[in-house]
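Asker: coordinates for the following, if possible.
(one chain, ligands or ions: 1)
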Amino acid sequence: MKTFDELFAELTDRAAERPAGSGTVAALDSGVHTLGKKIIEEAGEVWLAAEHESADAFAEEVSQLLYWLQVMMIKRGVTLAAVYRHL
Ligand SMILES: N=c1c2ncn([C@@H]3O[C@H](COP(=O)(O)OP(=O)(O)OP(=O)(O)O)[C@@H](O)[C@H]3O)c2ncn1[C@@H]1O[C@H](COP(=O)(O)O)[C@@H](O)[C@H]1O
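Answerer: Numbering: from 1, shown residues only. Next up, the predicted model:
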């Protein structure tokens, strides 16, 4: 288990070190347009899970949406602090 901030740190390392086989590296290389479509897809899955699935299945979909949002943040060079400023 990891926190939101811990995942962001891990993904930031992946972006810097670019280890072979990292799905995050491949996702970053796919570009903002592709990442945007993935975020929309995952958001849809969150919505459907909220309406039709268990709490645990819903939580899993939320975790995936958070992952893809973090990948987009890293792609755009946006830090957690920049986001937290708006909360
Ligand atoms: N938390 C995640 C995470 N959440 C979601 N995903 C990706 O998002 C996809 C979402 O699954 P779906 O079922 O919606 O999509 P799918 O249709 O099965 O998958 P696709 O065919 O669309 O890729 C997963 O298949 C993963 O590719 C994640 N990929 C990685 N992580 C974590 O990120 C860290 C770095 O991972 P790597 O870069 O792969 O080393 C590790 O701690 C991982 O656990």
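
Asker: pretty sure A27 sits against K38.
Answerer: Yes - look at A27 against K38 with CB atoms under 8 Å: they come within range, at 7.4 Å. Heads up, the C-betas are built off the backbone N, CA and C, glycines and all.

Asker: which residues do these two both contact?
Answerer: Shared contacts of A27 and K38, defined by CB atoms under 8 Å, 6 or more residues apart in numbering, comprise W68.

Asker: so where's the chain uncertain?
Answerer: In the predicted model, the chain carries no residue with pLDDT under 70.

Asker: need the residue in it that's farthest from the chain's center.
Answerer: Checked against the mean C-alpha position of the chain, the extreme residue using CA atoms, centre = their mean is H52, at a distance of 22.5 Å.

Asker: tell me which stretches of the protein form helices.
Answerer: Along the chain, the segments classed as helices by DSSP state H run 4-17, 23-30, 32-52, 55-76, 80-84.

Asker: no further questions, thank you.
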